[in-house]
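S.K.: how would this look folded up:
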Amino acid sequence: MVAVVAAVAVLGGGVFAGVQLLGGRDKDGDNASSARPGDSPPPGGAGSGGGEDGAGDAEKAKVDTTTRPRALTVDQLCAMVPEKLRKGLVPADARHRNTGGRSPWRGTEQTNLECSWIKYLGDDRGLAVKVWASDPDEAAGKSSLDFAKEKFAEDRKRREDVLERHRKGELSSGLKRDMSELTERGDVGDEAFFQSYALSGKRWGHLVTRANLWFVTVEYRSADSVKKDTGGALEVARVVAAELAKDKGDSGGSGTTAKEGACRYVSAKSVGTLVRNPGTPTPGTHGGSVAQENCRWPGGRAARTPGGPREKHPSGGLRIHTVTYPTDGEFQYDRRRKAADRRALRDPDCQPPKSLSGVGRKAFVQHCTHIRELPGEFGQGGTATVTATVLVGDDTYIEVEFRGNNAGGGVPGAADYREPHYDPATGDPALKAITKEIADNFAKAKAEAKKD
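M.R.: Coordinates of the predicted model:
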């Protein structure tokens, strides 16, 4: 089961909008019942395993694998909240950030998306919409609907446990001031409840609902009344749940979604020249006067031959970060170059930065390789961090960082085995080509945006 952390971090001062994609199974998710609501018990009685013909096992293993969540993008999620409604709840100058996507976990694809608008100065308010869904998992005996129902029940149980601790006076003083009971809401989604509490002088309203195959939370923060945060969360939850409730799985959760954030500037094929078995990328965007886009592209594990010897392979991932300033983008790029010079003087594992030709207006790359001492020998390899920084136009710099190894591996102990390491002879040209592709596509997208 994927655990979604449904909390908006409160950062001191400034204006910030936070969105997080978090993946991972609940600690007791593997022990959850695989029975589906409405399933009949297997022949032969509970726990009998069925009759001699195995009909019980077949019935128990039957899972709806055809109905799955739509291929939803984070931009589509944000668009579900009408602009007029959003501006009525959150100041017009609140900063917006979103991130999310689909990621594999133990053989299934899951979707975690979040869109939020938050402001901390002046008219202090915040709004966050988070949705979660999973493809069916036949091995676990759970359909997409099972996962959504289970996640909703787990979230309710968690909140009830916290509320019980509140009643017993076991919570910190910050939560003791005002925590409401869970109020059932039959007017939102398939099942829903609402809870509010006071924290740090602000009121928080949480609406938790299940809309067909989707688990949804809407959080609204204000410095006003209980009525304000209740109404804010409910209004947004209604429109989002109504849209997601239409999801009958017709589009298929395994469909291809448009790449967002900085992920859209490079192809998976290009990433694969440096990152072994590139997985599903995670995009992100930050609004405001300094516009930023992110992308993390993880590497996947190599397939293991059943019964074969255990192999060790190079692994790594790619991080892309674009930063666009209103002015003085070149000044910011130069600051990054000077910081790299200082890092090389301070850290013996980092080399002095080297200029890259033919990429953007100007660019440089820096290698930092940390050698690991292995039992019985000093490894020749290590984990590398290779960062290319490029200036695009007058106002944007882009960082493309590879962290990991790209060479070596094999069967440990074999004559041809080498500890995984970073080989600059193949890695550097690949990173340069990837950086150039990103810079060129960024410049193209920016020019097209100006035409619009």
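
S.K.: show me the helices in this protein, by range?
M.R.: 55-61, 74-79, 83-89, 144-167, 173-176, 226-244, 268-271, 329-346, 424-451 (DSSP state H).

S.K.: doesn't residue 132 make contact with residue 72?
M.R.: No: here residue 72 does not reach residue 132: they are 10.8 Å apart, not a contact under C-beta atoms under 8 Å. Bear in mind the C-beta positions are built from the backbone N, C-alpha and C, glycine included.

S.K.: settle it for me: which of these two has more neighbours?
M.R.: residue 132 (27 against 24; other C-beta atoms under 10 Å).

S.K.: now the helices of the chain in CSV, with mean neighbour count and mean pLDDT?
M.R.: Shown next, in CSV, are those (neighbours: other C-beta atoms under 10 Å; pLDDT from 0 to 100):
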stretch, mean neighbour count, mean pLDDT
helix 55-61, 14, 46
helix 74-79, 19, 82
helix 83-89, 14, 83
helix 144-167, 18, 90
helix 173-176, 12, 53
helix 226-244, 21, 78
helix 268-271, 16, 91
helix 329-346, 15, 94
helix 424-451, 16, 92
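
S.K.: nearest to residue 317, out of these?
M.R.: Of all those, helix 268-271 sits nearest to residue 317, with 9.4 Å by C-beta to C-beta.

S.K.: what's that closest one in contact with?
M.R.: Residues outside helix 268-271 that contact it (C-beta atoms under 8 Å, 6 or more residues apart in numbering) are 278, 281, 297, 318, 433-434, 437.

S.K.: which pair of those spans the longest distance?
M.R.: 281 and 433 (17.6 Å).

S.K.: tally up the residues packed near residue 169, please.
M.R.: 8.

S.K.: if we can go back for a sec, between the helices of the chain, which one is nearest to residue 189?
M.R.: helix 226-244 (3.9 Å).

S.K.: and for residue 72 and residue 132, which residues touch both?
M.R.: 111, 113.

S.K.: would you mind measuring from residue 400 to residue 152?
M.R.: According to C-beta to C-beta, to the nearest Å, residue 400 and residue 152 sit 40 Å apart.

S.K.: now do residue 321
M.R.: Counting by C-beta to C-beta - residue 321 and residue 152 are separated by 35 Å.

S.K.: returning to what we had before: quick one: which of the helices of the chain is nearest residue 358?
M.R.: When the helices of the chain are compared (using C-beta to C-beta), the closest one is helix 424-451, at 6.9 Å.

S.K.: strands along the stretch 201-350 of the chain, start to end?
M.R.: 202-211, 214-222, 282-286, 291-297, 316-324 (DSSP state E, counting those that start in this stretch).

S.K.: least reliable of these going by mean pLDDT?
M.R.: For the strands of the stretch 201-350 of the chain, the weakest mean pLDDT is recorded on strand 282-286, namely a mean of 75.

S.K.: let's see that strand as CSV, backbone CA atoms only.
M.R.: Presented in CSV, the C-alpha positions along strand 282-286 are these (Å, rounded to 0.1, in the frame of the first residue of the first chain):
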residue,chain,number,x,y,z
THR,A,282,8.9,12.6,-11.4
PRO,A,283,8.3,16.2,-12.5
GLY,A,284,7.8,19.3,-10.5
THR,A,285,7.1,23.0,-11.0
HIS,A,286,7.4,26.1,-8.8
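
S.K.: helices or strands up against that strand?
M.R.: For strand 282-286, the packing partners by 3 or more C-beta pairs under 8 Å, 6 or more residues apart in numbering; DSSP states H and E come out as strand 95-105, strand 291-297.

S.K.: that one pairs with which strands, parallel or anti?
M.R.: strand 95-105 (antiparallel), strand 291-297 (antiparallel) (DSSP bridges).

S.K.: buried stuff in that strand?
M.R.: Using 16 or more other C-beta atoms under 10 Å as the test for burial, strand 282-286 gives 282-286.

S.K.: pull the most distant pair out of those.
M.R.: 282 and 286 (14.1 Å).

S.K.: pull the residues that contact stretch 432-452.
M.R.: Contacts for stretch 432-452 (C-beta under 8 Å, 6+ apart): 262, 264-267, 270-271, 273-274, 318, 320, 322, 356, 358-360, 363, 365, 388, 390, 392-393, 396, 398, 400.
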